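Colleague: missing the sequence, but the structure's below:
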């Protein structure tokens, strides 16, 4: 069950007031649980601005989502998935640390981000999908769930198709036991070629904001109750 958090103490930027095509909509504030939840419910998310290293708030235009009914699973992916086992919320910190890519020049998952999202996970709002080959963690993803919105943050793989397997497992989980997916949003921030092969599409920021306003009113899937 997700636990209550203190409300956001900041006046966060309204992405509807940003210029078309402007992704960075504000800087400053903090990574407190209340700030993060308020931000995601408004359609913005934090990521350091490089190379300055200041905390930025982003709302991409266009915004990328992965329609849950449009997920593409190739024959080769199904074959790969047979060799993996998948869990949820058993290695959140390890997944997020693996996503950080500490040797990359544009690393933004700092220790501050790691601690902030691990706290959000402990409170029941952030979730991870883990993909295993035997006892080895070979892929995964993490993100934040508010109602029917799952805001995907990052993914990683150490074996071919492992991150794709995590995405398939996430979509299955978001469908729930009844398979009802209408109105739910799987946000992937920006469309990449990798996500595009899985079915990710782009939409105007204004359309995305309209979609999540409805989505956050739906019951959660990963944090029942």
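Modeller: Okay, I see it. Predicted model, so just to flag it, every value in this text is computed and none were measured. Residues are numbered from 1 along each chain as shown.
Colleague: Can you spell out which helices and strands pack onto the lengthiest helix in the chain?
Modeller: Across the chain, the longest stretch assigned as helix under DSSP state H is helix 162-175. Packing partners of helix 162-175 (3 or more CB pairs under 8 Å, 6 or more residues apart in numbering; DSSP states H and E): helix 75-81, strand 85-88, strand 126-133, strand 136-146, strand 149-157, strand 185-189. (Glycine included, C-beta is placed from N, CA and C.)
Colleague: give me the number of residues near the residue nearest to residue 43 when sequence neighbours are not counted?
Modeller: Leaving aside its sequence neighbours, residue 43 sits nearest to residue 209 (CB to CB, 6 or more residues apart in numbering; 4.8 Å). Other residues lying near residue 209 total 19 when counted by other CB atoms under 10 Å.
Colleague: which non-adjacent residue is nearest residue 160?
Modeller: Using CB to CB, 6+ apart, the closest residue to residue 160 is residue 80 (6.4 Å).
Colleague: could you measure that neighbour against residue 114, distance?
Modeller: Separation of residue 80 from residue 114 (CB to CB, to the nearest Å): 29 Å.
Colleague: Quick check: which ranges of the protein have low pLDDT?
Modeller: The chain contains residues with pLDDT under 70 at 1, 102-107, 177, 224-225.
Colleague: Domain ranges for it, per the record?
Modeller: For the chain, automatic domain parsing gives the domain ranges 15-58, 63-215.
Colleague: Neighbours of the closest residue in space to residue 192 that isn't next to it in sequence, how many?
Modeller: Distances taken as CB to CB, 6+ apart place residue 200 nearest to residue 192, at 7.6 Å, with adjacent residues excluded. Residue 200 has 24 neighbouring residues, counting by other CB under 10 Å.
Colleague: closest one to residue 5 among the domains of the chain?
Modeller: domain 15-58 (4.0 Å; CB to CB).
Colleague: State the distance from the residue nearest the centre of the chain to residue 14.
Modeller: In the chain, the residue lying closest to the centroid (CA atoms, centre = their mean) is residue 152, at 1.2 Å. Between residue 152 and residue 14 the computed distance is 23 Å (CB to CB).
Colleague: What are the neighbouring residues in contact with the residue nearest to residue 192?
Modeller: 64-66, 188, 191-192 (CB atoms under 8 Å, 6 or more residues apart in numbering).
Colleague: Same check on residue 148?
Modeller: By CB under 8 Å, 6+ apart, the contact list for residue 148 reads 183-185, 214-221.
Colleague: give me that answer again for 7 Å
Modeller: 183-185, 215-216, 218 (CB atoms under 7 Å, 6 or more residues apart in numbering).
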